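Asker: here you go, sequence then predicted model.
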Amino acid sequence: MKKHKKDNEIKTIFLPQPSSSDLRGKQSVRATFKLTEKSIHAINIVSVHLGIKQKSLFDHLIEDTQCLKLIAGEIKDEAFCKLSRIQKTYVLSRRTLSSLDQTAKKYNAPRDALVEYSIQRLIPVIAGEKEKHRKRKLIFNEMTKHLEHGEKILQKSEKLLGKDDPVYCKFESVIAACENAYNNIESFIEKGEIIEEF
């Protein structure tokens, strides 16, 4: 009986323990900012196109304290106030919001401006993805021609060999696999159309 109890015991491993403040820092909170349409559009595009949650994007952009400091030093209040902005609420981690608030306070910089210019860092990513999307469409057009040609060969092999022929059967499975891949690529490209609007 005692032996059985020992087998079921979990071995104790001594590891560093998370603090309650670390755990609270991961909590999600809502924050409202006044941002330009361009920035709102940029965060949406990167989130949808790359499949990254907006919360993760904010965590990445705003927890980079070095960049926030540089942005805070370059902000021109008058120029920023002249921008046409829209109120928008996002979900952030408590730690990200705290980092943002601390930087805004320390450098006497508008919180909205820090977020606005942090999001602007995504513009080169969008430009790169837009160019890739253009190239993907070119490749996809070539794939369309390739698949159409393959389907013609399949029809020809059916006429010449019949559906029971092993060569026809193998080639039919090749075309079916190509069609499946083609449909998946088409869905991916359609999803990426959002990037063309930027």
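Answerer: It's in.

Asker: this protein - how does it break down into domains?
Answerer: Taking automatic domain parsing as the criterion, the chain consists of the domains 27-124, 130-197.

Asker: can you give me the helices for this protein?
Answerer: Taking DSSP state H as the criterion, the chain carries its helices at 2-8, 20-25, 37-50, 54-62, 65-74, 77-81, 94-106, 111-119, 123-161, 166-191.

Asker: which of the ones you listed sits closest to Lys88?
Answerer: Between Lys88 and the helices of the chain, the shortest gap by Cβ to Cβ is with helix 37-50, which sits at 5.6 Å. All C-beta atoms are positioned from the backbone trio N, CA, C, and that covers glycine.

Asker: helices or strands up against that closest one?
Answerer: With contacts defined as 3 or more Cβ pairs under 8 Å, 6 or more residues apart in numbering; DSSP states H and E, the packing partners of helix 37-50 are helix 54-62, strand 86-93, helix 111-119, helix 123-161.

Asker: what's in contact with the first one?
Answerer: Meaning helix 54-62. Contacts made with helix 54-62 from outside it, assessed by Cβ atoms under 8 Å, 6 or more residues apart in numbering, are listed as 28, 43-44, 46-47, 67-68, 90-93, 95-96, 99-100, 114-115, 118-119, 121-122.

Asker: the residue lying closest to Glu179 once chain neighbours are set aside - how many residues pack around it?
Answerer: The spatially closest residue to Glu179, leaving aside those adjacent along the chain, is Leu147, at 6.7 Å (Cβ to Cβ, 6 or more residues apart in numbering). The number of residues packed around Leu147, counting by other Cβ atoms under 10 Å, is 15.

Asker: and the one 4 residues further on, by the same measure?
Answerer: When neighbours are defined as other Cβ under 10 Å, Glu151 has 13 of them.

Asker: okay then, goodbye and thanks.
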